[in-house]
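*Asks:* The following block contains a protein sequence and its predicted model.
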Amino acid sequence: MELFVLGTSQTVASARLRERLHIDLEEVYEAVEDLMDRGILDEAIPLATCGRLELYCAAENPGRALGLLRRLSSMYSELPGHELDIYSYAYRGEDAVRHLLRVAAGLDSVVHGEVQILGQVRGALHHPGTDRTAGPLLHRLFQRALGTGKRVRTDTEIGRGAASLASAALSMLQREVVELESMCVLVLGAGDTGALMARLLAKSGVGELVVANRTLDTAWELAADLGGRGESLEDLPLLLREADLVVGAVTATERLVTPHLLDDPEDWPSFFLDMAHPGNIAPEVASLEGVRVFDLDHVFERVEAARAARAQQIPHAEQIVAEETDCFVQWLRSRENVAVLRAVRRQVLELAKDVAEEHAQGRPREEREKMRRLARSLARTLLHPPTMAMREADPESSEGRWLLESAATLFGVDPAEKAGPPAAAEPTDPDVVAPRLGCPRTGATTSSNQGPSAETPSEPPVPERAAS
């Protein structure tokens, strides 16, 4: 079984492109469970933040699984395969491990060392859907990632200063928007990002703070702690007329603020900050007279200075990630070798027991027990050198694979027993899984992956749409 990750983030795609690639988390879990039922995936955990959407997986045939996931993503986003390669990435094995650890450490974030990502990694691990899709391998990997993130923030100063997108966004507002202290600020959403923005705005001092949420009680609870008031999102048109600045932080598949919400141009707030992904503010709002819209891309552009301030801490943080990656990979390799090792030890110890029993027949009880102990001791002594060699063998190297395969042959271990039953042959046609993601059963023809990240050139093409 091999680990891999397929994803997109702000490092390779703009906010607009990431919206095209965005898939509702519940749909991701449904599709993953379907792929697991078909034997294509063994384990999976999606990681979704405002700046990234990634799927961490374990599979017996990662090339086959990656090829199908790429094709499903292409169908869902309607991006041709060669464009999808540009705006996404895939890592396998040790590279996938290193990537998640860098993400948790804040090294792959726009703001190095940002604090929110560690909570988001923890949230992905403890999401209710993860109980159905994750196994011991990914649980161990995500726990290692959380430990790495904590160690980086403890042993380095990479998190000092404005270490979140929210704090960077506030700094941008303080530079670009005058008289925040006299403004009525409306925060849409009371989740992690909305709550953080509301707290930062309240602390900075705004004229009036209003929190609007789908659940009114949640909005009131957050607003009351900050000296503001809570409202329902159902009253959004009325709330927009009162606001001077609107912060969007609602998890939604459709735009909440569109040009049709208000008829009178004078009723529109002067400023919008869209911190949601997908965005809450329709792009057309930016063209309204007297309205200025900031989105995540604007925030990303503004935090380059924060990157420079943390640059001197990056080498130390990268060293920690490298050490933790090595530790996990060593555990992973030993885990892959355990099946062969156990089979060999069981075979030898059972053989020693059988021989001892054969020669102990008719002897006194104490002598029989002594012969059994002698046989076990001799077997374990003889097993020690090959045991150490198998534990240290790298199954990814030709030498390591040769050693493990030879051990199975030399000690009479059935290779089928070592590897487990082969996965049942399952169709890899994306049309089988596409309905789970809200895709048409036969999507527009996509070009096959030609870039260096293509994994399965032998994968059959997506069938073209049937003529109507």
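*Replies:* Perfect, I can see it now. Keep in mind the model is a prediction, meaning the values are calculated, not measured.
*Asks:* Let me see the ranges of the strands in this structure.
*Replies:* Secondary structure of the chain, counting by DSSP state E: strands at 2-9, 43-48, 52-59, 89-92, 184-188, 208-213, 229-232, 245-248, 271-274, 292-294.
*Asks:* I'd like to know how many residues surround residue 253.
*Replies:* 11 (other Cβ atoms under 10 Å). From N, CA and C alone the C-beta is placed, and that goes for glycine too.
*Asks:* so which of the strands of the chain gets nearest residue 110?
*Replies:* strand 2-9 (9.3 Å; Cβ to Cβ).
*Asks:* circling back: put together a markdown table for the strands of the chain, with mean pLDDT on each row.
*Replies:* What follows is the strands of the chain, written out as a markdown table (pLDDT from 0 to 100):
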| stretch | mean pLDDT |
| --- | --- |
| strand 2-9 | 91 |
| strand 43-48 | 92 |
| strand 52-59 | 92 |
| strand 89-92 | 94 |
| strand 184-188 | 95 |
| strand 208-213 | 94 |
| strand 229-232 | 94 |
| strand 245-248 | 94 |
| strand 271-274 | 93 |
| strand 292-294 | 92 |
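*Asks:* what's the closest of these to residue 133?
*Replies:* That would be strand 43-48 among the strands of the chain, by Cβ to Cβ, at 4.7 Å.
*Asks:* Run me through the strand neighbours of the closest one, direction for each.
*Replies:* As defined by DSSP bridges, the strand partners of strand 43-48 come to strand 52-59 (antiparallel).
*Asks:* List of residues touching the partner strand?
*Replies:* 1-10, 18, 21-23, 28, 32, 40-48, 65, 69, 96, 100, 103, 135, 137-138, 141-142 (Cβ atoms under 8 Å, 6 or more residues apart in numbering).
*Asks:* Only the buried subset of those residues, as a ChimeraX command please.
*Replies:* The ChimeraX command for the buried members of those (criterion: 16 or more other Cβ atoms under 10 Å) is given here:
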select :1,2,3,4,5,6,7,8,9,10,18,21,22,23,28,32,40,41,42,43,44,45,46,47,48,65,69,96,100,103,137,138,141,142
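*Asks:* what stretches of the chain score poorly on pLDDT?
*Replies:* 160-164, 303-309, 335-338, 396, 414-468 (pLDDT under 70).
*Asks:* what's the burial count for the closest residue to residue 84 other than its chain neighbours?
*Replies:* Leaving aside its chain neighbours, residue 84 sits nearest to residue 74 (5.0 Å; criterion: Cβ to Cβ, 6 or more residues apart in numbering). Residues lying near residue 74 (other Cβ under 10 Å) number 28.
*Asks:* didn't residue 74 look like it was pressed against residue 85?
*Replies:* No. Residue 74 is beyond contact range of residue 85, at 9.6 Å (criterion: Cβ atoms under 8 Å).
*Asks:* any shared contact partners between the two?
*Replies:* If you check residue 74 and residue 85 against Cβ under 8 Å, 6+ apart, no residue is contacted by both.
*Asks:* related to what we said a few turns ago, ok, which of the strands of the chain comes nearest residue 397?
*Replies:* Here strand 2-9 is closest among the strands of the chain (Cβ to Cβ), at 14.3 Å.
*Asks:* what does that closest one rub up against?
*Replies:* Contacts of strand 2-9 (Cβ under 8 Å, 6+ apart): 17-18, 21, 47, 51-60, 62, 65-66, 69-70, 73, 87-93, 96-97, 99-100, 108, 137-138, 141, 332.
*Asks:* what lines up beside it in the sheet?
*Replies:* strand 52-59 (antiparallel), strand 89-92 (antiparallel).
*Asks:* looking at those strands, which is buried most?
*Replies:* Ranked by mean neighbour count, the strands paired with strand 2-9 are led by strand 52-59 with a mean of 24 (mean count of other Cβ atoms under 10 Å).
*Asks:* Tell me what angle the longest helix seen in the chain forms with strand 2-9.
*Replies:* Secondary structure assigned by DSSP state H gives helix 314-360 as the longest helix of the chain. Interaxial angle of helix 314-360 relative to strand 2-9 (axes from the mean of the first three to the mean of the last three Cα atoms, to 10 degrees): 160 degrees.
*Asks:* how far does helix 314-360 sit from the chain's center?
*Replies:* 28 Å (Cα atoms, centre = their mean, to the nearest Å).
*Asks:* So which elements touch that helix?
*Replies:* helix 94-104, helix 136-155, helix 365-392, helix 398-410, helix 415-419 (3 or more Cβ pairs under 8 Å, 6 or more residues apart in numbering; DSSP states H and E).
*Asks:* export these to CSV and tack on distance to residue 175?
*Replies:* Shown next, in CSV, are the helices and strands packed on helix 314-360 (distance: least, Cβ to Cβ, whole Å):
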stretch, distance to residue 175
helix 94-104, 29
helix 136-155, 27
helix 365-392, 56
helix 398-410, 56
helix 415-419, 60
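*Asks:* so which of those comes closest to residue 261?
*Replies:* helix 94-104 (36.4 Å).
*Asks:* can you list the strands paired with strand 2-9 in CSV and add distance to residue 113?
*Replies:* Formatted as CSV, the strands paired with strand 2-9 follow (distance: least, Cβ to Cβ, whole Å):
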stretch, distance to residue 113
strand 52-59, 16
strand 89-92, 22
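*Asks:* Quick one, which of those gets closest to residue 376.
*Replies:* Per Cβ to Cβ, nearest to residue 376 of these: strand 52-59, 36.0 Å.
*Asks:* so that closest one versus helix 94-104, what angle?
*Replies:* Going by the same axes, to 10 degrees, strand 52-59 makes 140 degrees with helix 94-104.
*Asks:* tell me how far strand 52-59 is from the chain's mean position?
*Replies:* Here the centre of strand 52-59 is set off from its chain's centre by 5 Å, with Cα atoms, centre = their mean.
*Asks:* Dump that strand to CSV, restricted to CA.
*Replies:* Output of strand 52-59 as CSV, limited to C-alpha atoms (Å, rounded to 0.1, in the frame of the first residue of the first chain):
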residue,chain,number,x,y,z
ARG,A,52,-6.4,24.5,-0.6
LEU,A,53,-8.3,21.3,-1.4
GLU,A,54,-6.3,18.1,-1.0
LEU,A,55,-7.2,14.4,-0.8
TYR,A,56,-4.7,12.2,1.0
CYS,A,57,-5.1,8.5,0.1
ALA,A,58,-3.6,5.1,0.6
ALA,A,59,-4.0,2.5,-2.2
